[in-house]
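Novice: Generate coordinates for the sequence data below:
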Amino acid sequence: MTLAINARFLTQPVSGVQRYAHELLGALDTLLDTDPALAGRIGPVTAFTPRLPEVMPAWSRIALACRPGASGHVWEQTQLATAARDTRLLSLGNSGPLRHRDHIVAFHDTHLWDMPEAYDWRYRAWHKALRGPLARRAAHVLCVSDHARRALSERLNLPQARVTIVPNAADHIARHLADPTVCARYGLQAGGYLLTVGNASPNKNVARLVAAHRRLEAPPVLVVVGGAVPGMAAARGLSADVAHRFLGRVPDVDLANLMRHARGFVFPSLHEGFGIPPLEAMALGVPVAAAWSGALPDVLGASPVWFDPEDVDDIARGMRALLDQTGAMRARSVALGLAQSARFGWAQSARRLAEVILTPRAA
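Specialist: Numbers count the residues shown, from 1 in each chain. I've put the predicted structure just below:
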């Protein structure tokens, strides 16, 4: 067989969907490089992109081919559909050519239906029209968690048996070396701030988090990392002050080190199909307070302090509980977090993906 990959994600800003594609394909490339028999069964693998990315992926088994022409979804429906017409196609980012029938496509969540106001109308209209037919015509459908599988099955009118979980992971965060200068470079003190990560979407619930933080007595600074994402609506009413720092996008190595030096990590998201950032924090030994919502309880396990993300007072209570942890409580939270994050790994997700790639389309 041969395999084509929809690599449009290489030309997009990195959020959770793009992180999934980057890390999963990197792990698949390593797997193919270390398992010649598997590589022989899958055959040649080519990733197609509308233009060359600014940073080239360090793949050895996956070839990269540029097919210029249109852009965005039009490119997927035209240039990509033509380039991949005689191969099995893998799309990991919620979209792909509608008329390709030997297609493995990943959907990450049901945010479009759960919180439509988080998207601009063009994105919302296109994806609502696309995803149902795309899922029903696909050879295989992937998702990232059991919660996402249940929700997608309901929204897309698919039997759960047709949806395979190939989860996210967080072990990529540990490859970034420790940098003791990161706090000084951002004007912070090690252990003197709470950290959250999220784009500007209302779904990330940063406005409520800031409001809850303001209700705390003498809290550490709240640091927010994340930027705008194409197609997403922006939250309103957020502004920086002495107690609230909005850093925008930062390099991955800086994010890893900002996590390492944080007093705690807070994740107030209203809906998540998985939730990579709090799992990353747990993998680095950072205590977490998180929203009891979506896939987060299943993914994060017993480590976090939980709160209701729609209740500002309860978010404040969760942050205070995180800040007030004794040494023993903090050590227990860290140990549970490390153990929970170790349940996920990009290598094991890549092997599960390879099994799906080799599975024929169901009759």
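Novice: show me where the stretch 251-363 of the chain has helices.
Specialist: If DSSP state H, counting those that start in this stretch is used as the criterion, the helices of the stretch 251-363 of the chain fall at 252-261, 276-283, 296-300, 312-323, 327-341, 346-357.
Novice: pLDDT weak spots in the protein?
Specialist: 228-242, 362-363 (pLDDT under 70).
Novice: go again using 50 as the cut-off
Specialist: Confidence mapping of the chain against pLDDT under 50 gives the ranges 229, 231-237.
Novice: could you point out the longest helix in it?
Specialist: Longest helix in the chain, counting residues (DSSP state H): helix 16-34.
Novice: For the very next helix or strand once past it, buried residues please.
Specialist: Next helix or strand after helix 16-34 toward the C-terminus (DSSP states H and E): helix 36-42. Under the neighbour-count criterion of 16 or more other C-beta atoms under 10 Å, helix 36-42 has L38, A39, I42 buried. (Each C-beta comes from the backbone N, C-alpha and C, glycine too.)
Novice: Of these, which is the nearest to S15?
Specialist: I42 (28.0 Å; C-beta to C-beta).
Novice: quick one: the closest one and L32 touch, right?
Specialist: Yes: with contact defined as C-beta atoms under 8 Å, I42 reaches L32; the gap is 6.8 Å.
Novice: related to what we said a few turns ago, would you list the buried residues of helix 36-42 in JSON lines and tack on distance to G16?
Specialist: Output for those, formatted as JSON lines (distance: C-beta to C-beta, whole Å):
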{"residue": "L38", "distance to G16": "27"}
{"residue": "A39", "distance to G16": "28"}
{"residue": "I42", "distance to G16": "26"}
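Novice: thinking again about what came up before, against which helices or strands is the longest helix of the chain packed?
Specialist: The elements that helix 16-34 packs onto, with contact taken as 3 or more C-beta pairs under 8 Å, 6 or more residues apart in numbering; DSSP states H and E, are helix 36-42, strand 62-66, helix 276-283, helix 346-357.
Novice: and of the ones you listed, who's closest to G264?
Specialist: Closest approach to G264 among those (C-beta to C-beta): helix 276-283, 8.4 Å.
Novice: Any chance you could list what contacts that closest one?
Specialist: The contact list for helix 276-283 (C-beta atoms under 8 Å, 6 or more residues apart in numbering) reads 16, 19-20, 168-171, 173-174, 195-198, 256, 259, 262, 265, 267, 288, 290, 296, 299-300, 303-304, 337-338, 340-342, 344.
Novice: who's in contact with the longest helix of the chain?
Specialist: Contacts of helix 16-34 (C-beta under 8 Å, 6+ apart): 5, 7, 9, 12, 14, 38-39, 42, 45, 47, 57-62, 92-94, 106, 108, 144, 166, 168-169, 172, 274, 276, 346-347, 349-351, 353-354.
Novice: Weed out the non-buried ones from those.
Specialist: Neighbour-count burial within the contacts of helix 16-34 applies to 5, 7, 9, 12, 38-39, 42, 45, 47, 57, 59, 61-62, 92-94, 106, 108, 144, 166, 168-169, 172, 274, 276, 346, 349-351, 353-354; the criterion is 16+ other C-beta under 10 Å.
Novice: And this protein, split by domain according to the record?
Specialist: 3-169+345-357, 174-341 (automatic domain parsing).
Novice: quick one on the thing from earlier: of the contacts of helix 276-283, just the buried ones, PyMOL syntax please.
Specialist: Selecting only the buried entries of the contacts of helix 276-283 in PyMOL, with 16+ other C-beta under 10 Å as the criterion:
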select buried, resi 16+19+20+168+169+170+171+173+195+196+197+198+256+259+262+265+267+288+290+296+299+300+303+304+337+340+341+344
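Novice: Show me the strands in the stretch 51-200 of the chain, by range?
Specialist: 62-66, 88-91, 103-106, 140-143, 163-165, 193-197 (DSSP state E, counting those that start in this stretch).
Novice: among those, which is nearest A178?
Specialist: Evaluated over the strands of the stretch 51-200 of the chain, closeness to A178 peaks at strand 193-197, with 16.0 Å, by C-beta to C-beta.
Novice: Just give me the closest of the buried residues of helix 36-42 to G191.
Specialist: Proximity of those to G191 (C-beta to C-beta) peaks at L38, which lies at 45.0 Å.
Novice: Go ahead and confirm D314 touches V305.
Specialist: No: counting by C-beta under 8 Å, D314 stays clear of V305, with 10.7 Å between them.
Novice: Which one's more surrounded, the two?
Specialist: Between D314 and V305, V305 has the larger neighbour count (other C-beta atoms under 10 Å), namely 21 against 17.
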